[in-house]
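K.L.:
What follows is a protein structure lacking sequence information:
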């Protein structure tokens with residue numbers, strides 16, 4: 001690892017966490033979200049319900065759902081709506097899925113993409129550690145189904161770590177998504193607290209292997225801020241991710257979904273996000289999308305265009 005002082009000469013001292021969780025206080029003005037509920041929003045909701053599909057926009061209570069749906073973009077969540085892991089930050093319901101994955105789901109996702117007239121589709125999933133392949137074959141089938149119905153639509157996948165099953169990763173990469181995303185979510189020190197069941201080095205290895213398997217395919221990852229990480233930890237993680245060949249990096253503010261989830265330790269100012277963007281691109285990340293409301297799929301089409309320009 002290169003010396004951080006040479007990589008980040010304008011690095012400031014880390015801000016100390018406040019004495020009490022920030023989530024106990026009102027959200028700052030820059031985290032206020034405009035309500036969207038126009039005709040496009042209602043049409044997308046109708047399509048999702050009619051085809052019995054799930055979106056991470058709803059399940060994870062994304063603050064950008066109204067804006068994205070009003071612009072006719074959504075992130076499809078396959079493999080059901082019950083996750084076999086229980087990450088402390090995530091609003092998706094955790095537990096043991098009662099049934100096997102719905103084999104007709106890939107075709108329904110493709111129908112929705114066609115009806116929505118999308119030119120860029122994002123597909124993610126819950127963790128399915130109960131499945132031998134982690135659900136990788138369903139990702140591959142969904143990519144193929146979208147391509148068959150809407151050949152001009154680009155497809156980004158946001159995949160789990162498949163518990164280190166690299167054959168499962170190979171199954172997804174062989175289906176040739178336009179972008180492969182796997183989020184590291186937070187800095188290594190906080191993994192046991194934030195992502196029980198996940199391993200930081202395993203996620204790095206997944207990103208490294210994805211780059212080797214498909215050198216021309218943009219590889220993407222993302223993190224949340226506000227969970228107690230330090231500035232130096234974020235910068236070191238960005239440098240490590242760049243070393244793996246990561247192209248696109250997203251950085252947003254963690255927001256507590258319910259009182260049962262991890263508290264927000266600090267609300268990060270937009271100016272700090274802007275600085276992270278500059279510093280991340282300085283160490284070799286081709287595109288950094290950073291801001292309080294940024295999420296993995298926010299402006300995903302523009303991110304892909306920037307990374308492949």
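P.N.:
Sure thing, it's come through. Given the structure is predicted, the values throughout are model-derived calculations rather than measurements. Residues are numbered from 1 along each chain as shown.

K.L.:
tell me the strands in the stretch 101-250 of the chain, going along the chain?
P.N.:
Using DSSP state E, counting those that start in this stretch, the strands of the stretch 101-250 of the chain run over residues 120-125, 154-158, 179-181, 219-225, 248-253.

K.L.:
out of those, which comes closest to residue 190?
P.N.:
The minimum distance between residue 190 and these falls on strand 219-225, with 9.9 Å, by C-beta to C-beta. Yep, even glycine has a C-beta here, placed from its N, CA and C like the rest.

K.L.:
Contacts for that closest one, please.
P.N.:
If you take C-beta atoms under 8 Å, 6 or more residues apart in numbering as the criterion, strand 219-225 is touched by 89, 156, 179-187, 203, 207, 210-211, 234, 237, 241, 244-254, 266, 268, 273, 294-296, 303, 307.

K.L.:
PyMOL command to pick out the buried ones of these?
P.N.:
Entered in PyMOL, the line below selects the buried ones among the contacts of strand 219-225, by 16 or more other C-beta atoms under 10 Å:
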select buried, resi 89+156+179+180+181+182+183+184+185+186+187+203+207+210+211+234+237+241+244+246+247+248+249+250+251+252+253+254+266+268+273+294+295+296+303+307
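
K.L.:
Which ones among the contacts of strand 219-225 map onto helices?
P.N.:
Of the contacts of strand 219-225, the ones assigned to helices by DSSP state H are 203, 207, 210, 211, 234, 237, 241, 273, 303, 307.

K.L.:
wait, which of the residues you listed is closest to residue 102?
P.N.:
Relative to residue 102, and with distances defined as C-beta to C-beta, the nearest of those is residue 210, at 26.3 Å.

K.L.:
and the closest one, how far is that from residue 141?
P.N.:
19 Å (C-beta to C-beta, to the nearest Å).

K.L.:
same check, this time on residue 85
P.N.:
Distance, residue 85 to residue 141, by C-beta to C-beta: 23 Å.

K.L.:
more crowded one of these two?
P.N.:
Legend: neighbour count by other C-beta atoms under 10 Å for residue 85 and residue 141, higher for residue 141 (20 against 17).

K.L.:
Against residue 170, how distant is the more buried one?
P.N.:
Distance from residue 141 to residue 170, by C-beta to C-beta: 15 Å.

K.L.:
Excluding sequence neighbours, find me the nearest residue to residue 146.
P.N.:
Excluding the flanking residues, the one nearest residue 146 by C-beta to C-beta, 6 or more residues apart in numbering is residue 110, at 4.7 Å.
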